[in-house]
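Asker: Return atomic coordinates for the entry below.
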Amino acid sequence: FFATTHERGQIHDAEMALTRDGRILGIKDVFLHDGGAYDPYGLTVPINSQCTLLGPYVVPNYDSTFTQVFTNLTLVTPYRGAGRQHGVFVMERLLDFAAHELNIDRAEIRRRNLIPADAFPYKNEIIFQDFQPLEYDSGNYEPVLDMALEAIGYKAFREEQAAARRHGRHLGIGVACYVEGTGIGPYEGAKVQVQSNGKVSVATGIGTQGQGHFTVFAQIAADQLGVAVTDVDVVTGDTDQFYWGAGTFASRGALVAGNAVNEASKVVRKKALKLASGLFECAEEDLVLEDGKVSIVGIPEKFVSLGDLAGRANPMRGAVQPGTEPGLESTQYFGPPMGATANGVHAMIVEMDPRTFDLKILKYVVVHDCGTVINPMILAGQIHGGVAQGIGNAFYEKLVFDDQGQLLNASLADYLLPTALEIPRIGLGHTVTRSPLNPMGIKGAGEAGAIPVGALFAQAIEDALDLERRGVELLEIPLSPSQLFELTRSAPG
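Answerer: Below is the predicted model:
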């Protein structure tokens, strides 16, 4: 707790100008970012906050200034979401307050400000963490919002809420939108090789911490080379096998390294087909590569295995054509011109006890667009894990220091983490808007589950306790029971 890192400390002074019908005219945001005692990671976190605040909305004017402050607290480095939570919290809270002030439904005010589908690529004229102007490569935001509202039962909720209130139960609903900049450069590479036994080896320099890289990269290679996923062996982050790599961060594994694997696999596929076409004396277009072998179209019994082709590709005697490369293998690199932008909407229904501020999540929905989906189960796991960490961020987790900077909850006996008992079942939906920035159309998904949860909690709790009517605004997280008690005990009503 003392010697590692944390991340979430920022203080924002923000304001929003809108037309009377709820369309954003401009936003001004001045904020302090607590960087802790040292700065091992530059300004990545506050830059992400500054950029992600814009969200999926049209913001004609944006004035943002931040100051990174050194303190005597634990140092700060990126943690799942890496500053995006802060920006989304500010934007979504401003929209909630604007909706209340203008008497507009909270979902409707979001809809009115969404970037239209025909506006992409959409330039935001602000520098992102990869030192490139922030540009949304693609997106179609309104269907994502519609799916989330339908899945949560938004239209019928007010009747359900009123019926529950008559029985003394306090229900609230929240809806939060976000974008996630993913898959920044500089590059990743991959070496793909067919062995003489027909197995395929894949090596890449990217690091792995349990995201499912082995499965996903094997799927990509298997799809290109027409072999079973179980016949692909993947090695990551081993400099004995592959020298060059940048790392796992910014939701970039599938997008950057995955495309490198795809490109290397395509070259190997082309080599195999060219070799087989010479063997069969036919055009490459007349060949099919599947089930670990190359055969002539319509004549499946006439085939050569990939393993045999790998042996033939490495002749030990005789002449070869000029320019021939031995072996069925290729090393390729992929570096995206900029980050691809994923997006999504989270929606939640909660029940709050107005005396103890105990919270129950009755329903939780995520609708997400991360471009091409490679493995739905792994993607679902990324979202589930992100939501769990988001719930911790929104309601439980905080390092508490006294006035002298002494940490008061330096063990898991005092630092609260959500457990399986607190994490609800999560309904998932997906739309697919392919990214034009990479051949596979992928956008990252590693942090999407965590990003909007704090804003979602604030909105849903506010709705459950009718805090807007009582003049209480929830302006910070985590919203623990004790924090809610302090905020509401002096409120009218």
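
Asker: quick one: secondary structure of Gly55?
Answerer: Reduced to three states with DSSP: H, G, I helix; E, B strand; the rest coil, the structure at Gly55 is coil.

Asker: Look up the pLDDT of it for me, please.
Answerer: Here, the pLDDT recorded for Gly55 equals 96.

Asker: Now do the contacts for it.
Answerer: By CB atoms under 8 Å, 6 or more residues apart in numbering, the contact list for Gly55 reads Gly87, Val88, Met91, Glu92, Cys177, Tyr178, Val179. Where you see a C-beta, it was placed from the backbone N, CA and C, and this is true even at glycine.

Asker: Which of the residues you listed fall within helices?
Answerer: With DSSP state H as the criterion, helices contain Gly87, Val88, Met91, Glu92 from among those.

Asker: neighbours around the third one, how many?
Answerer: Number of residues near Met91 (other CB atoms under 10 Å) recorded here: 29.

Asker: I'd guessed it sits against Pro56; true?
Answerer: No - Met91 sits out of contact with Pro56 when judged by CB atoms under 8 Å, with a separation of 9.6 Å.

Asker: Tell me the spatial nearest neighbour of Phe303, not counting adjacent residues.
Answerer: Spatial nearest neighbour of Phe303, excluding adjacent residues (CB to CB, 6 or more residues apart in numbering): Ser295 at 3.7 Å.

Asker: For burial, what's the neighbour tally of the one you found?
Answerer: By other CB under 10 Å, the burial measure for Ser295, its neighbour count, is 20.

Asker: likewise the one 3 residues further on?
Answerer: Applying other CB under 10 Å, we find 8 other residues in the vicinity of Gly298.

Asker: again with Val373
Answerer: Val373: 18 neighbours (other CB under 10 Å).

Asker: With Met16 instead?
Answerer: Number of residues near Met16 (other CB under 10 Å) recorded here: 19.

Asker: what about Glu462, helix or strand, and which?
Answerer: Assigned by DSSP states H and E, Glu462 belongs to helix 453-464.

Asker: sorry, that was for Gln224
Answerer: Per DSSP H and E: helix 213-225 holds Gln224.

Asker: for that helix, the distance to its chain's centre please.
Answerer: Chain-centre distance of helix 213-225: 21 Å, with CA atoms, centre = their mean, to the nearest Å.

Asker: List the buried residues of whichever helix or strand Val350 is part of.
Answerer: Assigned by DSSP H and E, Val350 belongs to strand 340-352. Across strand 340-352, burial judged by 16 or more other CB atoms under 10 Å covers 340-352.

Asker: Nearest to Ser490 among these?
Answerer: If you rank those by distance to Ser490 using CB to CB, Met352 comes first, at 18.1 Å.

Asker: Spatially, what comes nearest to that closest one if we skip its sequence neighbours?
Answerer: According to CB to CB, 6+ apart, the nearest residue to Met352 is Ala464 (4.2 Å).

Asker: Pull the contacting residues for the one you found.
Answerer: His170, Leu171, Gly172, Val350, Glu351, Met352.

Asker: now do 6 Å
Answerer: His170, Leu171, Gly172, Val350, Met352 (CB atoms under 6 Å, 6 or more residues apart in numbering).

Asker: is the first one in a bridge, and if so with what?
Answerer: What it means is His170. Beta-bridge pairing of His170 under DSSP bridges involves Met352.

Asker: Next one: it from Arg470, what distance?
Answerer: Counting by CB to CB, to the nearest Å, the separation of His170 from Arg470 is 13 Å.

Asker: Neighbour count: the two, which is higher?
Answerer: Higher neighbour count among His170 and Arg470: His170, with 17 against 12, using other CB under 10 Å.

Asker: Need the contact partners of whatever helix or strand comes next after the strand holding Val350.
Answerer: Scanning forward in sequence from strand 340-352 by DSSP H and E, the next helix or strand is strand 359-369. Contact with strand 359-369 is made by 144, 147-148, 151-152, 343-352, 383, 424, 426-431, 433, 448, as judged by CB under 6 Å, 6+ apart.

Asker: Could you export the ones in helices among the contacts of Gly55 as TSV, including pLDDT and distance to Gln483?
Answerer: As requested, the ones in helices among the contacts of Gly55 are exported to TSV (pLDDT from 0 to 100; distance: CB to CB, whole Å):
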residue	pLDDT	distance to Gln483
Gly87	96	21
Val88	97	20
Met91	98	22
Glu92	98	19
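
Asker: Just the buried subset of the residues you listed, written out for PyMOL, thanks.
Answerer: Buried residues among these (16+ other CB under 10 Å), as a PyMOL selection:
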select buried, resi 87+88+91+92
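
Asker: Before I go, just wanted to say thanks for your time.
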